[in-house]
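*Asks:* Test case, fold it:
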Amino acid sequence: GQDALLRGTVFGPSQVLLHQVSISHLLGDAGQAIEHARRIDPAALPTTERQARYWIDVARAFDQWGRPDRCYRALLAAEQAALQEVRRSSVRTMAANLMRHDRTLPGVRAFAHRVGALT
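*Replies:* Below you'll find the predicted structure:
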């Protein structure tokens, strides 16, 4: 099949892969989550919300995998895709955790502030 937006709901193979990314992360298999994510073209996802969700799930997997630089880059991509989506509590938690790497991740403090992780 192909991805489609039908009556306000997104359907298609990319949506199945998005769910596989999420499920792999939840099961603790960050490597498998990233493998599923590599099969998705985020620019081809039909809504900016889905694009941001993709990047947030990728960030979660990289965070779980212990790759703060890749996590941060994915969060920045999510912010660029849909600013409102990075205000979620899970993103604030990841941003706060990334503050440990403030010296090696330029701009992470400003990002944490933008998403509300710093008060």
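*Asks:* Do you know the pLDDT at the residue positioned nearest the centre of the chain?
*Replies:* In the chain, the centroid-proximal residue (C-alpha atoms, centre = their mean) is residue 56; its distance is 1.3 Å. At residue 56, the predicted lDDT confidence score is 97.
*Asks:* Against residue 27, how distant is the residue nearest to it when sequence neighbours are not counted?
*Replies:* Once flanking residues are discounted, residue 56 sits nearest to residue 78: 4.9 Å by C-beta to C-beta, 6 or more residues apart in numbering. C-beta here means a position set from N, CA and C on the backbone, and glycine is covered the same way. Distance, residue 78 to residue 27, by C-beta to C-beta, to the nearest Å: 22 Å.
*Asks:* Show me the shaky parts of the protein.
*Replies:* 1-11, 119 (pLDDT under 70).
*Asks:* coming back round to it: I'd guess the residue nearest to the centre of the chain is in a helix, am I close?
*Replies:* Yes: according to DSSP: H, G, I helix; E, B strand; the rest coil, residue 56 belongs to a helix.
*Asks:* Going along the chain, name the strands of this protein.
*Replies:* Applying DSSP state E to the chain gives strands spanning 4-6, 9-11.
*Asks:* if we can go back for a sec, of residue 78 and residue 27, who's got more company?
*Replies:* residue 78 (26 against 10; other C-beta atoms under 10 Å).
*Asks:* Tell me which residues touch that one, please.
*Replies:* Residue 78 is in contact with 51, 52, 53, 54, 55, 56, 59, 85, 86, 91, counting by C-beta atoms under 8 Å, 6 or more residues apart in numbering.
*Asks:* Just the endpoints, please. Distance across stretch 72-88?
*Replies:* 15 Å (C-alpha to C-alpha, to the nearest Å).
*Asks:* Any buried residues in that stretch, and which?
*Replies:* Residues of stretch 72-88 classed as buried by neighbour count (16 or more other C-beta atoms under 10 Å): 72-79, 81-82, 85-86, 88.
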